[in-house]
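Q: okay, here's the prediction I keep looking at, along with the sequence it came from:
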Amino acid sequence: DTGVSQDPRHKITKRGQNVTFRCDPISEHNRLYWYRQTLGQGPEFLTYFQNEAQLEKSRLLSDRFSAERPKGSFSTLEIQRTEQGDSAMYLCASSDDIWAYEQYFGPGTRLTVT
Amino acid sequence: RKEVEQDPGPFNVPEGATVAFNCTYSNSASQSFFWYRQDCRKEPKLLMSVYSSGNEDGRFTAQLNRASQYISLLIRDSKLSDSATYLCVVNKNDMRFGAGTRLTVKP
C-alpha cells in the first residue's frame, strides 16, 4: 500500500510538552497538507507545502505550531508547549499538481493532551 | 457564520431510500466544490467533484448553484454501505470543510 502514512497513530502527552508528528505522502505527490479535526467537525486547514516550500498557513497555526518539509518528501508538524485545546486528530493529505483538489488523506495522528 | 454549513443530521433512512444533503457556503469567490466521505474513525476520501452543470456518478448526483451559493448531494437507492459522514468541501485558496452530515442506512 503506497498511500499516505502518518506516525505515530496515537500520542498522549502532558500539557507543556513538545510533540512532533510525521507524514509521508504518496511518493509522486508534490503537494502536502496538514489539517486538524475535532469531534463532530470537519477537518480544518492548517498549512500547505508545494515541494519544500510552505505556501500557506492558516491563522489557526499559532506560534507554537511549526511544520517543515525539508526535502520535499516527508513532512513534520511540531507543537510546542502543548495545551489541552490541542487535543485533536491531525490529518495529513497529499495531492499532485494536476488534480490538486483530489487530496488523499493519511489515517491521522490522534493527540491527547492531559 | 461558518464558511461552509451543512444540514446537521443525522439522517436515518431505510435501505433503498433516496436522501439529499445540502450545503451552503459564504465565500462567493470560491472556485471548486467537492463532496468527501468519512467513515467512522477513518480518514476522509473524495466522493465526487461538483460542477456547475451538475454531475452524476452511479447512484450519486451532485449539483451546484453558484447564485444561491449552495451545493447538494443526492443518493438514490441507499445501501447499508453508504452509512458515513458526508463532508461538503469548498475551495478558494485552501480547502474548507463543512462539519459533515451523518447518514445511517438501516436494513
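A: Cool, got the structure.
Q: would you mind measuring from B:Ser26 to A:Lys14?
A: 39 Å (CB to CB, to the nearest Å). All C-beta spots, glycine's among them, are computed from the backbone N, C-alpha and C.
Q: do B:Cys88 as well
A: 37 Å.
Q: more neighbours: which of those two?
A: B:Cys88 (30 against 8; other CB atoms under 10 Å in any protein chain shown).
Q: do I have it right that the more buried one meets B:Glu3?
A: No - the criterion here is CB atoms under 8 Å, and B:Cys88 misses it with B:Glu3 at 10.5 Å.
Q: quick check: neighbours shared by these two?
A: Listed as contacting both B:Cys88 and B:Glu3 by CB atoms under 8 Å, 6 or more residues apart in numbering or on different chains are B:Tyr25.
Q: pLDDT-wise, which helix or strand of chain B ranks last?
A: Least confident helix or strand of chain B, by mean pLDDT, DSSP states H and E, is strand B:95-97 with a mean of 90.
Q: in the next helix or strand after it, what's buried?
A: Downstream of strand B:95-97, the first helix or strand assigned by DSSP states H and E is strand B:101-106. Using 16 or more other CB atoms under 10 Å in any protein chain shown as the test for burial, strand B:101-106 gives B:Thr101, B:Arg102, B:Leu103, B:Val105.
Q: one more: stretch A:101-114?
A: A:Gln103, A:Tyr104, A:Phe105, A:Gly106, A:Pro107, A:Gly108, A:Thr109, A:Arg110, A:Leu111, A:Val113.
Q: got it, and stretch A:20-27?
A: Quick answer for stretch A:20-27 (16+ other CB under 10 Å): A:Phe21, A:Cys23, A:Asp24, A:Pro25, A:Ile26.
Q: do the same with stretch A:10-17
A: A:Lys11, A:Thr13.
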